[in-house]
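Novice: have a look; sequence and predicted model below, questions after that.
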Amino acid sequence: MLDVMPPESSFYTTARGQCFLALVGERLRWFWPDLGQQHAVLGLGHAAAYLEKLESGRNTPACLVAANAPQWDAASIPGRSCVVDLHGLPFQPEQFDRVLMVHALDDRKQSVSVLRAAGQVMKPDGRLLLIVPSRFGGRSRLRGTPFRHDAAFSRRCLKQMLAAAMLKPEQWDEALFLPTGAMRWMRHNGRKMDIAGKVLCPGAGSLILVEAVRDEYSALSLPVKLRQRWLSRSLLPVRGTAKAIQDRKYVSRISRR
């Protein structure tokens, strides 16, 4: 039987999507247990379903969802959704207490500009929570979900991206250690497997969650080229190497005499 992928706008209404929301939503509440006390919360990408999970049973803050395509969240939160360019958000600087980014990074080359735009609309004491697939097998286990379109990262790569966007990671977490095809196991044992996976197989989760804060004074540029390995240095000729070898041979001959 073929596993047909539902449209991104309706994925979280399916049984698999609800399973995602239950497992990831629990981790979001661990990051932000005081969301009801915040005044302004921004969701970038497909964040409406996750924000609704965070809002359940609490005082509802002024949540706004901004996406780069109308089919994402236009029907999720009526009156509080808008279509924007994620690289240049049309909001006042330092406007939001919390920024949640889900399905907002689909191109690694453009990720820094999106993260920097999110940091600019965040208050100085605000916090940004980013959810992305893990580079170590995350996207392959997330087939048939909206995360298949997102760019995958490792923790090291995320640190570099956040530093280039003048953001500093403070807390890390991971979720969904089981393949998404094992729906029966995910429903009943997903939480147990996530707890066991963090202890037995750290770094093997399908999703990486990172909370970051603003850090304007320690911005780092992305590396332009990789460092030369010792093997490449030994294979590539270096200026003056031949003369140094000749001088060494000459000195050794004299010492023998």
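Specialist: That came in fine, so what should we check first?
Novice: which element is residue 99 on?
Specialist: For residue 99, the element it lies in under DSSP states H and E is strand 96-102.
Novice: helices or strands next to that strand in the packing?
Specialist: Counting contacts by 3 or more CB pairs under 8 Å, 6 or more residues apart in numbering; DSSP states H and E, strand 96-102 is packed against strand 40-45, helix 48-55, helix 111-120, strand 122-133. Where C-beta positions appear, they are placed from N, C-alpha and C, glycine not excepted.
Novice: just name the most buried of these.
Specialist: Among these, strand 40-45 has the highest mean neighbour count (mean count of other CB atoms under 10 Å), at a mean of 25.
Novice: and for residue 53, nearest residue in space, chain neighbours not counted?
Specialist: Residue nearest to residue 53 in three dimensions, not counting chain neighbours: residue 25, with 3.6 Å by CB to CB, 6 or more residues apart in numbering.
Novice: phi, psi for the one you found please.
Specialist: Per-residue torsions, residue 25: phi -60, psi -30 (degrees, to the nearest 10).
Novice: rewinding a little: the strand holding residue 99: which residues count as buried?
Specialist: 96-102 (16 or more other CB atoms under 10 Å).
Novice: how about stretch 83-98?
Specialist: Buried, per 16+ other CB under 10 Å, within stretch 83-98: 86, 89, 91, 95-98.
Novice: JSON lines for the residues you listed, including pLDDT and distance to residue 33?
Specialist: Shown next, in JSON lines, are the buried residues of stretch 83-98 (pLDDT from 0 to 100; distance: CB to CB, whole Å):
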{"residue": "86", "pLDDT": "88", "distance to residue 33": "27"}
{"residue": "89", "pLDDT": "90", "distance to residue 33": "26"}
{"residue": "91", "pLDDT": "90", "distance to residue 33": "25"}
{"residue": "95", "pLDDT": "90", "distance to residue 33": "23"}
{"residue": "96", "pLDDT": "92", "distance to residue 33": "18"}
{"residue": "97", "pLDDT": "91", "distance to residue 33": "14"}
{"residue": "98", "pLDDT": "91", "distance to residue 33": "12"}
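Novice: farthest pair in those residues?
Specialist: Based on CB to CB, the longest span within the buried residues of stretch 83-98 runs between 86 and 97 and measures 19.4 Å.
Novice: count of neighbours near the residue nearest to residue 53?
Specialist: Neighbours of residue 25 under the rule other CB atoms under 10 Å: 19.
Novice: check contacts around it.
Specialist: Neighbour list for residue 25: 50, 53-54 [criterion: CB atoms under 8 Å, 6 or more residues apart in numbering].
Novice: format the helices and strands packed on strand 96-102 as a markdown table; extra columns: distance to residue 145 and mean pLDDT.
Specialist: Output for the helices and strands packed on strand 96-102, formatted as a markdown table (distance: least, CB to CB, whole Å; pLDDT from 0 to 100):
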| stretch | distance to residue 145 | mean pLDDT |
| --- | --- | --- |
| strand 40-45 | 14 | 88 |
| helix 48-55 | 12 | 78 |
| helix 111-120 | 20 | 93 |
| strand 122-133 | 9 | 93 |
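Novice: out of the ones you listed, which gets nearest to residue 163?
Specialist: Nearest of the helices and strands packed on strand 96-102 to residue 163, taken as CB to CB: helix 111-120 at 9.6 Å.
Novice: contacts for the closest one, please.
Specialist: Under CB under 8 Å, 6+ apart, the answer for helix 111-120 is 42, 44, 86-89, 93-94, 99, 101, 104-105, 128, 130, 151, 161-162, 164-167, 214, 222.
Novice: among those, which are in strands?
Specialist: Mapping these onto strands (DSSP state E) picks out 42, 44, 99, 101, 128, 130, 167, 214.
Novice: farthest pair within these?
Specialist: Top of the distance list for these (CB to CB): 44 and 214, 15.8 Å.
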